[in-house]
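1. next come a sequence and a model predicted from it.
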Amino acid sequence: MEFRDIQARLHDGRHIRFAQWQLQPGEYWAITGTNGSGKTALSCLFANQLVLSHGNADGLPGRVAYVSLEAQAAQIELERKQDQSDLNDCPDHGTRVRDLLAPLEEVQHWVELLGIDHLLDQGFRALSTGESRKVLWIRCLHQQPDLLVLDEPLEGLDSRSRDVLQQELQRLQQHGQAIVWVANRLDELPDWITHLAFMHDGKLLYQGTKAQVLAEPELNGLLHFDRPLPDFPPATIDYQLDAQAPLVTMTDVAVRYDERVLFEQLNWQVIAGEHWAIQGPNGCGKTSLLQLITGDNPQCYRNDLKLFGMQRGRGETIWDIKKHIGIVSASLQWDYRATTNVLSTVISGLYDSIGLYQATGDDDKQLALQWLEVIGLRDKANQSLQHLSYGEQRLVLIARALIKQPPLLILDEPCQGLDDPSRQLVLAFIRRLAQQQEVTLLYVTHLADEIPSEIGRRLQFEPQGDQSQIHFYSMN
């Protein structure tokens with residue numbers, strides 16, 4: 001493939017520009033760079049999905065398959081549009097997994113490798129983030145494309161699934177499958193990657209062998225967070241909670257879906273200032289546990305839950321609960337489809353809404369601008385949220401969760417989709433919040449190296465048969 005004199009306009013008005021880029025047979029390229037640099041847009045050139053205002057693209061492959069967070073969001077949006085809940089008078093969980101993967105006999109090898117046999121009769125929308133990722137992985141591999149584009153392909157997957165896919169990709173690479181990897185994190189690149197293209201601010205800054213590009217002196221500065229962590233804006237809300245009472249108390253709690261029991265007999269308390277890491281494989285019940293707290297799982301009403309001094313099911317509203325919680329998750333990012341700019345998105349965290357539907361004062365706007373300054377995106381305050389890269393959107397939603405500095409902050413894989421500097425910034429946020437102990441953290445991650453030492457407790461889901469056993473550990 002060869003690209004010459006390329007110029008293409010991006011959603012935010014910037015342009016991708018470069019003079020030449022060649023990809024030769026036998027070369028395995030990774031596209032890397034900072035959040036919002038144009039990495040994903042550059043990868044769209046391979047499928048002729050980026051409209052060129054100038055330049056030529058020659059030798060493009062006939063069939064291109066993408067594994068990406070954006071493709072996952074697009075499938076979830078498609079399932080929403082096909083929702084038949086109103087017609088059937090019952091929840092529509094989306095297309096069955098076996099139908100998405102049909103003909104099943106042709107993909108059975110990958111179904112078994114990724115351990116999703118038990119999901120075949122579930123609807124796509126009922127899957128966890130990691131489970132839905134596995135389904136889309138299998139669909140892409142089954143296409144046997146001329147070129148496989150992997151954009152942050154391991155995000156949201158547990159450690160076993162990561163290892164399995166790394167081995168499968170190495171097998172495909174050894175058999176000649178053309179692959180381009182799009183990466184925020186250089187440490188996740190497989191050894192068989194031979195060449196790097198480095199993007200920054202819409203420019204193809206460096207290209208060449210992996211060793212040549214990594215030796216560029218400017219690269220180190222672009223890929224590391226090396227500025228002092230800004231001060232957080234002051235808290236503006238007094239939540240008036242009893243400092244001695246647990247934030248969350250669960251007594252003999254269970255979550256069941258039809259015949260499947262995710263977990264049962266859970267007794268757990270979250271004390272203010274005691275931070276928890278929550279870990280376990282894809283589909284074990286982590287998200288369902290968090291949704292019991294946020295009120296987004298209807299089974300919260302059939303369980304014995306006490307949240308922020310309120311017994312669930314005793315007349316409290318969902319907003320009485322949500323006002324005490326901030327949340328960052330992939331599902332929130334996919335649900336946040338409101339047509340709004342970045343500033344309004346951050347302000348909406350004060351009102352626990354998807355979008356902003358009421359007049360706001362100057363104090364709210366100034367507070368939101370201060371948080372955008374902290375995450376380094378103040379210059380994008382008036383841009384559409386949907387026109388930002390996935391990683392930039394994630395940073396905005398982190399600011400949205402922090403703006404009200406809630407008593408309980410739920411961080412469900414908050415570093416997903418972030419480049420190294422942004423990841424280091426967010427982990428620094430988490431360490432500071434944990435040290436201050438004014439906000440209590442529930443932190444979900446598949447990566448042990450992302451758990452700050454200040455988080456002292458761990459809730460571990462450990463699958464046993466068809467359900468999970470939950471164990472508690474001290475991390476000190």
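-> Everything's here; your move.

2. lowest average confidence, helix or strand, in the protein?
-> helix 85-88 (a mean of 58; mean pLDDT, DSSP states H and E).

3. immediately after that helix, which helix or strand?
-> helix 97-100 (DSSP states H and E).

4. next SSE after that following helix?
-> Next along from helix 97-100, by DSSP H and E: helix 108-113.

5. show me what the helix or strand just after that next one is packed against.
-> The element immediately downstream of helix 108-113 (helix or strand, assigned by DSSP H and E) is helix 129-142. Secondary structure elements in contact with helix 129-142, counted by 3 or more C-beta pairs under 8 Å, 6 or more residues apart in numbering; DSSP states H and E, are strand 64-67, helix 69-81, helix 97-100, helix 108-113, helix 159-174. Where you see a C-beta, it was placed from the backbone N, CA and C, and this is true even at glycine.

6. right, and the helix or strand after helix 129-142?
-> strand 147-151.

7. strand partners of that following strand, parallel vs antiparallel please.
-> Neighbouring strands of strand 147-151 in its sheet, by DSSP bridges, are strand 64-67 (parallel), strand 178-183 (parallel).

8. okay if I get those strands as CSV plus mean pLDDT?
-> Output for these, formatted as CSV (pLDDT from 0 to 100):
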stretch, mean pLDDT
strand 64-67, 94
strand 178-183, 96
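
9. closest to Thr440 out of the ones you listed?
-> Thr440 sits nearest to strand 178-183 of all the strands paired with strand 147-151, at 33.1 Å, using C-beta to C-beta.

10. give me the buried positions along that closest one.
-> Residues of strand 178-183 classed as buried by neighbour count (16 or more other C-beta atoms under 10 Å): Ala178, Ile179, Val180, Trp181, Val182, Ala183.

11. run the chain-centre distance for that strand.
-> 19 Å (C-alpha atoms, centre = their mean, to the nearest Å).

12. tilt between that strand and helix 159-174?
-> Using axes from the mean of the first three to the mean of the last three C-alpha atoms, to 10 degrees, the direction of strand 178-183 lies 140 degrees away from that of helix 159-174.

13. mind checking what helix or strand follows strand 178-183 in sequence?
-> With DSSP H and E, the next secondary element past strand 178-183 is strand 195-200.

14. within the sheet, what are the partner strands of that following strand, with directions?
-> Checking strand 195-200 against DSSP bridges gives partners strand 29-33 (parallel), strand 203-209 (antiparallel).

15. tabulate these (JSON lines), appending mean neighbour count, distance to Ala215 and mean pLDDT.
-> Formatted as JSON lines, these follow (neighbours: other C-beta atoms under 10 Å; distance: least, C-beta to C-beta, whole Å; pLDDT from 0 to 100):
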{"stretch": "strand 29-33", "mean neighbour count": "25", "distance to Ala215": "14", "mean pLDDT": "95"}
{"stretch": "strand 203-209", "mean neighbour count": "17", "distance to Ala215": "9", "mean pLDDT": "94"}
